Structure formats: C-alpha cells, structure tokens
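Chemist: Need a 3D model of the sequence below.
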Amino acid sequence: MAFLMGPEPGADMDAVVEWVDARERLPRDGMPVAAATSGRYPPDAAEPDTAFGQDFWLVLPMYFTTRHIGADGTEYRDCFVDSDRVVRLPYGRPCAEPVTHWAELPTLPGMTVHHVLGDSVRTALRNAWDEGLAGS
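Modeler: Down below sits the predicted model:
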C-alpha cells in the first residue's frame, strides 16, 4: 500500500510511503522505520466502552532489530524499539502495543542515506538548501 505525502508549506518535495504489514514481512536489522502501533490508553482500562481508556493507532519513529536486551535484562527477538527504548513486537505476538505496519523512513533531503555525522553535516545541509530541498 503506498501513500503520497504532500509537501509541507515551503517544502518542494514529495515522499511515497509504502506501508508493510508486520504480519507479512519485517524490516532488515537496524533499519529506522515509521511504525504504526496500536493499543489502549491507559493500558489498564479493561472495558472497551468505559470512559477510562481509549483505543489508539498511531505512527512513531523506531528502529527494528533482530535482538534487543531491555533495561531489565529481558532479551527480545525481532522487535521494534522507540527512542525511549520501549520495545514493541510485531502484531500477533504478545504485546500491549503491537506494531501493525511499518515503512522505511525517507532518506535525508537530496541524499540516499538516513544519517550524516561530523564534518559532513554542514556540507550536506548547504547542498540541500542550495538545491531548494530543505526549505529556507
């Protein structure tokens, strides 16, 4: 399934997002992804129709890994990890907030990579701005 994301005001680029069903295929190890996760907040609201709690489905930036050791020492296999180190499993495995779909994050403007480090950052930014890709 692909969606065309329209440009933000002042931006001159479009991104095509291909959502992959996490039940069908998982990303490669270490891949940064946008992950669609589903759950209930607060998670202890047992009855679906009560005023305590609401179902959600939202997109979060994460990375996928084939092996992750949690802060408590728990070992996870084939999981998604967010920036707060919260582990979420693919849909169908026991998890309060499973990942239903994922999409590879777009690369940096005007580039084919997801990250640039060190001295190359200023040059990469300047090149993107000169090409009109990153706004002004």
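Chemist: residues in contact with the residue most central in space within the chain?
Modeler: Nearest residue to the geometric centre of the chain (C-alpha atoms, centre = their mean): residue 34, 2.1 Å. Residues in contact with residue 34 (C-beta atoms under 8 Å, 6 or more residues apart in numbering) are 17, 59, 60, 61, 62, 102, 103, 104, 105. C-beta: built from backbone N, CA, C; applies to glycine.
Chemist: now, which of these lie within strands?
Modeler: Per DSSP state E, strands hold the following members of these: 17, 59, 60, 61, 62, 102, 103, 104.
Chemist: The fourth one is in contact with residue 32, isn't it?
Modeler: Yes. Counting by C-beta atoms under 8 Å, a contact exists between residue 61 and residue 32, whose distance comes to 6.9 Å.
Chemist: so what sits against both of those two?
Modeler: Taking C-beta under 8 Å, 6+ apart as the criterion, residue 61 and residue 32 both touch residue 105.
Chemist: higher neighbour count, those two?
Modeler: residue 32 (15 against 11; other C-beta atoms under 10 Å).
Chemist: which stretches of this protein aren't confidently modelled?
Modeler: By pLDDT under 70, the weakly predicted segments of the chain are 1-15, 43-52, 132-136.
Chemist: Would you map the strands across it?
Modeler: Assigned by DSSP E, the chain shows strands spanning 2-5, 15-18, 20-21, 32-41, 54-69, 75-82, 87-88, 99-104.
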